[in-house]
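Novice: fold the stuff below for me.
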Amino acid sequence: VNPPGHVNPPGHVNPPGHVNPPGHVNPPGHVNPPGQRQRMASSRSKLTRLPARLRQIADFVLPGQPVADVGSHHGLVPVWLVLQARVPSAIAMDLSEEAVTGTRALVDRTPGLGGRVQVRQSDGMAALSPSDGVGTLVVSGLGGGTIGSILQAAAPGALASLGRGVFQPNVGAPALRATLCALGWVIADEEVTLCGGRFYQVIAAQPLAVAAAPPPPLDEADLLFGPVLRRRRPAAWLEMLRGQEAKWARVAERVARASAEPQPQPQPQPQLHLTSSHARRAADVAGMLARIRMEIVGGDQMVVEDTV
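Specialist: As a prediction, the model looks like this:
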């Protein structure tokens, strides 16, 4: 590694693995070692176009206000937001030392950040303070129950100082919606994104004090399928519902088949309770999906014909 201020002579070729210090400028005729230019181009391409699910998260972030990304993992979202001038600064936080090291490396090798992305090792929101002035909290890539636990464990005042939360649960979106309601947050927007053959739900919520008006209470169908999604009915959401309907139909079929088969020995009571619970749940979800289908028919017949 050349020290700061070092200038290579004309025609100098750095050996493989050489890294220039921040601010280093190669003189005319300098040639980088094989692979260096390709690695730099690859890094830039990753930061100019995010995967669809990460882009949806970024689109829900409040513009012009600092953002904190909890469980940032790779750090792509906060770095991209700063590079695109969507936010003035960002904080990337993760409990994993490996993730923190990787994000710091990304920040160090990305030109144009100017010290505007901080990287902190943190258990949930522990390293975030109201004095950081964060407008949007991002938590993504975790289960809905885990995201809810992070919010519930936040220090007093940490949530109240936020203007918005953007959450992308890999699983357990209903549990997250229920936690948000219990915390007094309002679901302001939702979207479903298909990425890599999988559907991802992205939820934007805000504290009740920030909301324009208190929302109506959520029923079970709202918790399961999303109150904003039920109202807007985006195409990706309808496609996701078809998959959920098929999944619960398979569950109901397996439960019915297991119940009809003769049992050589009486099953323990917990197992019987689990089977009954699955059967009821399958029936409940199927009923709610049927009601949503009727809502769509009543609201817009063309939607059903074209996408369902």
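
Novice: hey, let's count contacts and neighbours off CA atoms from now on
Specialist: Will do.

Novice: and Gly115, how many neighbours does it have?
Specialist: 10 (other Cα atoms under 10 Å).

Novice: give me the phi and psi for it.
Specialist: Gly115 adopts backbone torsions of phi 70, psi 20, taken as degrees, to the nearest 10.

Novice: and it, what does it touch?
Specialist: Gly115 makes no contacts at all, as judged by Cα atoms under 8 Å, 6 or more residues apart in numbering.

Novice: skipping its backbone neighbours, what lies nearest Glu245 in space?
Specialist: For Glu245, ignoring the flanking residues on the chain, the nearest one in space by Cα to Cα, 6 or more residues apart in numbering is Ala286 at 6.6 Å.

Novice: give me every residue that touches that neighbour.
Specialist: Contacts for Ala286 (Cα under 8 Å, 6+ apart) come out as Glu245, Trp248, Ala249.

Novice: one more: Pro214?
Specialist: Pro214 sits next to Val186, Leu208 when contact means Cα under 8 Å, 6+ apart.

Novice: name the helix or strand for it, please.
Specialist: Secondary structure assignment for Pro214, by DSSP states H and E: no helix or strand.

Novice: and the gap between it and Arg86?
Specialist: Pro214 is 28 Å from Arg86, where distance means Cα to Cα, to the nearest Å.

Novice: and the gap between the closest residue to Leu224 other than its chain neighbours and Pro66?
Specialist: Distances taken as Cα to Cα, 6+ apart place Pro174 nearest to Leu224, at 4.8 Å, with adjacent residues excluded. Pro174 sits 28 Å away from Pro66, going by Cα to Cα.

Novice: which one's more surrounded, the two?
Specialist: With neighbours defined as other Cα under 10 Å, Pro174 and Pro66 compare such that Pro66 has more, 24 against 19.

Novice: is it true that that one touches Val87?
Specialist: Yes - judged on Cα atoms under 8 Å, Pro66 makes contact with Val87 at a distance of 5.6 Å.

Novice: ranges for the strands of the stretch 151-300 of the chain?
Specialist: 164-169, 185-195, 198-207 (DSSP state E, counting those that start in this stretch).

Novice: so which bits of the second one are buried?
Specialist: Residues Trp185, Val186, Ile187, Ala188, Asp189, Glu190, Glu191, Val192, Thr193 are the ones in strand 185-195 that count as buried (16 or more other Cα atoms under 10 Å).

Novice: which residues in this protein form helices?
Specialist: Per DSSP state H, the chain has helices spanning 36-48, 52-60, 76-83, 97-109, 144-152, 173-182, 220-225, 227-232, 235-260, 269-299, 301-307. These are given in chain order.

Novice: contact partners of the fifth one?
Specialist: Taking Cα under 8 Å, 6+ apart as the criterion, the residues outside helix 144-152 that touch it are 124-125, 139-140, 159, 167, 169-176, 179-180, 183.

Novice: chain center to stretch 188-201: distance?
Specialist: Chain-centre distance of stretch 188-201: 9 Å, with Cα atoms, centre = their mean, to the nearest Å.

Novice: endpoint to endpoint, it covers what distance?
Specialist: End residues of stretch 188-201 are separated by 14 Å (Cα to Cα).

Novice: same question for that stretch, mean pLDDT?
Specialist: Stretch 188-201 shows a mean pLDDT of 96.

Novice: quick one: contacts of that stretch?
Specialist: The contact list for stretch 188-201, computed with Cα under 8 Å, 6+ apart, reads 51-53, 56, 168-170, 173, 202-206, 226, 228-229, 234, 236-237, 240.

Novice: from Ala153, how far off is Gly135?
Specialist: 19 Å.

Novice: these two: which has the busier surroundings?
Specialist: Counting neighbours by other Cα under 10 Å for Gly135 and for Ala153 shows that Gly135 has the greater number, 20 against 14.

Novice: picking that back up, closest to Ser259 out of the buried residues of strand 185-195?
Specialist: Nearest to Ser259 out of the buried residues of strand 185-195 is Val192 (Cα to Cα; 35.6 Å).

Novice: the closest residue to that closest one other than its chain neighbours: neighbour count?
Specialist: Closest residue to Val192 apart from its sequence neighbours, by Cα to Cα, 6+ apart: Gln201 at 4.6 Å. For Gln201, the number of neighbouring residues by other Cα under 10 Å comes to 25.

Novice: again, but for Arg291
Specialist: If you count neighbours by other Cα under 10 Å, Arg291 ends up with 13.

Novice: what pLDDT does it get?
Specialist: Value for Arg291, per-residue pLDDT: 75.

Novice: shaky segments in the chain?
Specialist: 1-47, 211-213, 261-279, 281, 297-308 (pLDDT under 70).

Novice: mind redoing it with 90?
Specialist: Residues of the chain that meet the criterion pLDDT under 90 lie in 1-49, 155-158, 160-161, 184, 207-217, 220-221, 241-308.
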